[in-house]
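Here is a sequence together with a model predicted from it:
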Amino acid sequence: MECDSWKKQPVLTGEKVVLRPITLEDTDWIVKWRNTPSVRQNFIFRQPFTPEMHQGWMKNKVASGQVVQYIIQTAEAQKPVGSVYFRDLDPENDSAEYGIFIGEESARGQGIGTETARLFVKYGLEVLGLHRISLRLLEGNEAAYRSYQKAGFVKEGIFRDMVKLDGKYRNVVFMAVLKDK
């Protein structure tokens, strides 16, 4: 994976979505979405999300190349509806962790997440030169699980009682996609 390849990121266009690199101007969207209960319930990190947290993420992670993050917009209306990212980019092992959230409820259940995953994974494998893209999800998030499968992710295992959320232990499912597999 070439470290410079994520500095100048292209816009990615599909039938339903347009993915564009995130900017600081997207802070209000990110904070709103990350604090939405239906989004937060699927995250392991559930603390209230602030503009300062997002700005720190942008400065320390995105600007340094440790994270490649995009805004998901509807293709037709160009309306921001969520975000997708690769975190923990590891140039030595050509790997990264995938993450996504659809923040606008009206955009859920329309295949936007699946198309975003396909586009972004293709970008990661073909442009960023990743060999392995992994993800974690809370067991029971069936819509996300099916979407990830459609995008080529394969279940690798379940870590039982890995996290304690809302006073209950939860299993975490690990999935990955490999280049040329």
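Perfect, thanks for sending it.

for this protein, what spans make up the strands?
Taking DSSP state E as the criterion, the chain contains strands spanning 12-13, 17-21, 68-74, 80-90, 95-102, 132-138, 154-165, 168-178.

List just the one of those strands that sits closest to Lys122.
Lys122 lies closest, by Cβ to Cβ, to one member of the strands of the chain: strand 12-13, at 8.3 Å. In short, each C-beta sits where N, CA and C put it, glycine included.

hang on, the earlier thing: specify the stretch among the strands of the chain that is closest to Lys61.
Going by Cβ to Cβ, the one of the strands of the chain nearest Lys61 is strand 80-90, 7.1 Å.

Centre of the chain to that closest one, how far?
Offset of strand 80-90 from its chain centre (Cα atoms, centre = their mean, to the nearest Å): 4 Å.

tally of neighbours for the spatially closest residue to Glu139 that is not a sequence neighbour?
In space, and not counting its chain neighbours, Glu139 is closest to Asn171: 3.9 Å by Cβ to Cβ, 6 or more residues apart in numbering. If you count neighbours by other Cβ atoms under 10 Å, Asn171 ends up with 14.

which ones are touching Asn171?
By Cβ atoms under 8 Å, 6 or more residues apart in numbering, the residues touching Asn171 are 138-139, 158-162.

Can you tell me which of those residues is nearest Arg20?
Leu138 (27.9 Å).

what sits against that closest one?
Going by Cβ under 8 Å, 6+ apart, Leu138 touches 42, 44, 163, 165, 170-173.

Could you check what's spatially nearest to the residue nearest the centre of the chain, not counting adjacent residues?
Most central in the chain under Cα atoms, centre = their mean is Gly99, positioned 2.2 Å from the mean C-alpha point. Using Cβ to Cβ, 6+ apart and skipping residues adjacent in sequence, the residue nearest Gly99 is Tyr85, 5.1 Å away.

Quick check: the residue nearest to the centre of the chain touching Gly82?
No: at 10.7 Å, Gly99 and Gly82 do not qualify as touching, with contact defined as Cβ atoms under 8 Å.

can you list the weak-confidence ranges in the protein?
The chain contains residues with pLDDT under 70 at 1-7, 46, 181.

any idea how far Tyr148 is from the closest residue in space to Tyr145 that isn't next to it in sequence?
Distances taken as Cβ to Cβ, 6+ apart place Leu137 nearest to Tyr145, at 6.5 Å, with adjacent residues excluded. Taking Cβ to Cβ, to the nearest Å as the measure, Leu137 falls 7 Å from Tyr148.
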